[in-house]
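In: model this:
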Amino acid sequence: MRIRALTLRIIRQFFRDKRTMALLIAAPLLVLSLMYLVFNGDSYTPKIGVIGIPDSLAKQAEGLDADVLAFGSPELAEKALEAQDIDAYVLWDGSAPAIRLEGSDPARNRAVLSVASAWLGLSGMPAGMGVPGGIGATADTNAHLNDVADTSSKAHSEADKGTSAQAVPVEPAIEYLHGGPAMTTFDSLGPVLIGVFAFFFVFLIAGVSFLKERTSGTLERLLATPLRRWEIVAGYISGFGLFTGIQAVLIALYSVHVLGLMMDGSIWYVLLVTLLLSATALSLGTFLSAFANTEFQMIQFIPLVIVPQIFFSGLFDLESMSPWLRWLSHLMPLTYGADALRGVMLRGEGWSGIAGDVLVLAGLSLLFMGANVLALRKHRKI
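Out: Coordinates of the predicted model:
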């Protein structure tokens, strides 16, 4: 009987807590639906630019599982590559190809090289009729081009002796705008993970801490003083922000200097973006805590606020999602933070490259702080 009484009490408690009941049912369905939409999206189709390819290869390109775009010059293709409008371009100088990859995403690099391998491997390209060059080759690439040139000379010598040249597949010279062949998946996803962990822990700690201030009566006593609402919010944000800022800086520095994540840009820009992302999480967490009565209810916001942002942060390729689903990423603060971190760490972008993301994060922080001021009216008018 005692067990039955305790069981009934728990059941009645759950039925009285409508929010918990709703989340118990809706949250798993929401997360599963997002996973279905993300993982069942279309496979990524690489975008490849071409310059000066022969007509025979141009016809074969029509059947490739890729979007092939023709450019009139290497300069135009390079600008498109820098703007991330294409994933790579193929330059044909003579009869030997050179492939230049954007390089910041290993998965896209593999997709491009897979398509290029099938495409170029289908054609019998006589070796020794020209070597590509002049598209920003590195020292290793130049060495490779010299090897190709030596092979070409030998092939010509044999042809001059009366030996007919055999159709031999030519290994293309491969160059990278960013990253390189040694770039790992962790290097690519690391900037996103920095943003995810900074945002998640700051959101949770700030929300629970501010909730504790309210449930303990401290906030009510402050509301009874001459302090204005915006002063209370600014004070709490500044106090919590000091420690959440330290946490964000530690995450960024540890990832770069201890774990050895790729860093092509300035560490100061990484710290700036990480701090702004933490400020956004701090102001959002304190705002949502106004609608929770217990720590358990604050934690219930995680599947509704944090999990969707992780899906749209860049851990999964947004290009493979449906357009209407991609549009939701513009509503997620973590999307802007992760994009800026990837730009700085993987592509070496400066202020001009991340200014838009930084301004959005700053605007969202101010927006949530303003919402905090309005939310205090729920507790007491002053």
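In: use CA for all of it now, contacts and neighbours both
Out: Fine.
In: Excluding residues flanking it in the chain, which one is nearest residue 306?
Out: residue 200 (6.7 Å; C-alpha to C-alpha, 6 or more residues apart in numbering).
In: Verify the contact between that neighbour and residue 281 for me.
Out: Yes: the criterion here is C-alpha atoms under 8 Å, and residue 200 meets it with residue 281 at 7.5 Å.
In: Show me which of those two is the more surrounded one.
Out: When neighbours are counted by other C-alpha atoms under 10 Å, residue 200 and residue 281 differ, and residue 281 comes out ahead with 30 against 21.
In: Quick check, pLDDT for the residue nearest to residue 306.
Out: We have a pLDDT of 91 for residue 200.
In: Quick one: classify it as helix, strand or coil.
Out: Secondary structure of residue 200, reduced to three states by DSSP: H, G, I helix; E, B strand; the rest coil: helix.
In: could you check the distance from it over to residue 249?
Out: Distance of residue 200 to residue 249, given as C-alpha to C-alpha, to the nearest Å: 14 Å.
In: where in this protein is pLDDT low?
Out: For the chain, applying pLDDT under 70 flags the ranges 41, 94-95, 121-171, 378-382.
In: which residues sit in contact with the residue nearest the centre of it?
Out: Residue closest to the mean C-alpha point of the chain, counted by C-alpha atoms, centre = their mean, is residue 314 at 3.1 Å. Residue 314 makes contacts with 189, 192, 335, 338, 339, as judged by C-alpha atoms under 8 Å, 6 or more residues apart in numbering.
In: which of those residues lies closest to residue 220?
Out: The nearest member of the contacts of residue 314 to residue 220, counting by C-alpha to C-alpha, is residue 335 at 35.5 Å.
In: Confirm for me that that closest one is in contact with residue 311.
Out: No: counting by C-alpha under 8 Å, residue 335 sits too far from residue 311 to count as a contact (9.4 Å).
In: Comparing these two, which residue is more hemmed in?
Out: More neighbours surround residue 335 than the other of residue 335 and residue 311, with 23 against 19 (other C-alpha under 10 Å).
In: doesn't that one fall inside a strand?
Out: No: under three-state DSSP, residue 335 sits outside any strand and is assigned helix.
In: How about it, nearest residue that isn't a chain neighbour?
Out: Excluding its sequence neighbours, the residue lying closest to residue 335 (C-alpha to C-alpha, 6+ apart) is residue 313, at 4.5 Å.
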